[in-house]
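[1] Pasting the sequence and the predicted model now:
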Amino acid sequence: MPQVIKLNQHIYSLLIEKECNGFTIVELRDELLSVTDTYQDIDEARKFIYRQTTALERKGLLNSKGSDRYKRYFKTELFDNTKFVAKQVLITKEKSISSHTDNQASKLVETLLNEKKQFEAELAILLGEVDEYKALQKRFPEHLSLFYSAFDDAKNNSAKLLGKVNALTNILASLDNGARQC
């Protein structure tokens, strides 16, 4: 009795139904992208294909020839003697969770971007103020004490705003990196 192995439904479709053989990772990725819209990012699709083919290679179901980008994967005799079944994935549930999460993330990103823009505008105004206080101090050196307090306040406030802008920039960058990794 042949061994039964469960495959991801997309891999099952590509290797069993479409009978792909002698493929590179990129070729199989392109084929995957042509049959499903599950993967929005081609890099994520490539990583998925790589993980799946590597797992099948470790099990002795695929052999590889070549190296790096030119590495081709071929079905083995064990592959031909194995019975495969497709794992059924609850795609609709995944998509609804994903779209809900995407909506929450996009609202968060939108809010943070708006706050960042507001702080950047306030920072630009304060930096203009600082420059003007400097110019006034140069024009009227005999009245330095008059300008110093306002100049110092503007510098402190601009430093606080710059800190807020930097914090929001870092958070937005980490959200962007997190979205790419998911």
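    Yep, it's here. Numbering: from 1, shown residues only.
[2] Quick check: bridge partners of S64?
    For S64, the beta-bridge partners under DSSP bridges are Y73.
[3] For T38, see how far away it is.
    25 Å (CB to CB, to the nearest Å). Heads up, the C-betas are built off the backbone N, CA and C, glycines and all.
[4] Can you pick out the residue with more neighbours from those two?
    A count of neighbours by other CB atoms under 10 Å puts T38 above the other of S64 and T38, at 17 against 14.
[5] ok, the more buried one touching H10?
    Yes - T38 lies in contact with H10 (CB atoms under 8 Å); the separation is 7.0 Å.
[6] so after the helix or strand F119 falls within, what's the next helix or strand?
    Here F119, judged by DSSP states H and E, is contained in helix 91-139. Going down the chain from helix 91-139, the next helix or strand is helix 144-181, by DSSP H and E.
[7] Just checking the distance from the lowest-mean-pLDDT helix or strand in the chain to the centre of its chain.
    Across the helices and strands of the chain, mean pLDDT, DSSP states H and E gives its lowest value to helix 91-139, namely a mean of 78. Centre-to-centre, helix 91-139 and its host chain are 20 Å apart (CA atoms, centre = their mean, to the nearest Å).
[8] domain parsing for this structure?
    Per automatic domain parsing, the structural domains of the chain span 4-89, 94-181.
[9] in the protein, what residue sits furthest out from the centroid?
    If you look at how far each residue of the chain sits from its centre, by CA atoms, centre = their mean, the farthest one is E142, at 56.6 Å.
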